[in-house]
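> quick one, structure for this:
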Amino acid sequence: MRREIARELIHAANAIYTVDQEAVTADEKETDIRLRSVASLHEAVIELKLGDDRTATDLRDTIEQQLVKKYMCAEHSRAGALMVTLSKDRKWEHPDESRWIGVEELFSLLRKEAARIEDALGGTVAIAVHFLDLRPRLLPERKNTELATSE
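Below you'll find the model as predicted:
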């Protein structure tokens, strides 16, 4: 997944930035993808997470604990993104309430957490949250045929 996303970012770079995969930060932490400006010292970090087996708490806490505190602590690294992929339908237990949430509410929760952190840091960082939906849109051909013949 990381290689494919990095490849697409390289194609879109238009000589504005370079793309590193698994670059090591000053404190020996490995980021998934790092974008470096060719015109300045600024860089952005993209952290990839597979959402299929992660909890909502883990995904939420990744924004501050991993993305901001580990990867964006350098002076010139003030932008970052959490990209979560999902390849199957599922629900998550809400981190603060005793209820289950779907994908839309999960990403709303993650975006609110990113905004909360940006505000808490006085707007000195920019954090994006993206969702890459890899869930099948159609049933496999065999199941489509079986459903059509049973109707």
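> could you check how far residue 62 is from residue 50?
12 Å (C-beta to C-beta, to the nearest Å). All C-beta spots, glycine's among them, are computed from the backbone N, C-alpha and C.
> so which of the two has more stuff around it?
residue 62 (19 against 13; other C-beta atoms under 10 Å).
> residue 11 versus that one, what's the distance?
27 Å.
> then residue 130?
Relative to residue 11, and taking C-beta to C-beta, residue 130 is found at 17 Å.
> the two: which has the busier surroundings?
Per other C-beta under 10 Å, whichever of residue 130 and residue 11 has more neighbours is residue 130, with 15 against 9.
> work out for me the element that one sits within.
strand 126-133 (DSSP states H and E).
> list the contacts of that strand.
The contact list for strand 126-133 (C-beta atoms under 8 Å, 6 or more residues apart in numbering) reads 51, 63, 67-68, 78-86, 103, 107, 110-111, 114-115, 117-118.
> quick one, which of the residues you listed are buried?
51, 63, 67-68, 78-86, 103, 107, 110-111, 114, 117 (16 or more other C-beta atoms under 10 Å).
> just those residues: which are in strands?
79-86 (DSSP state E).
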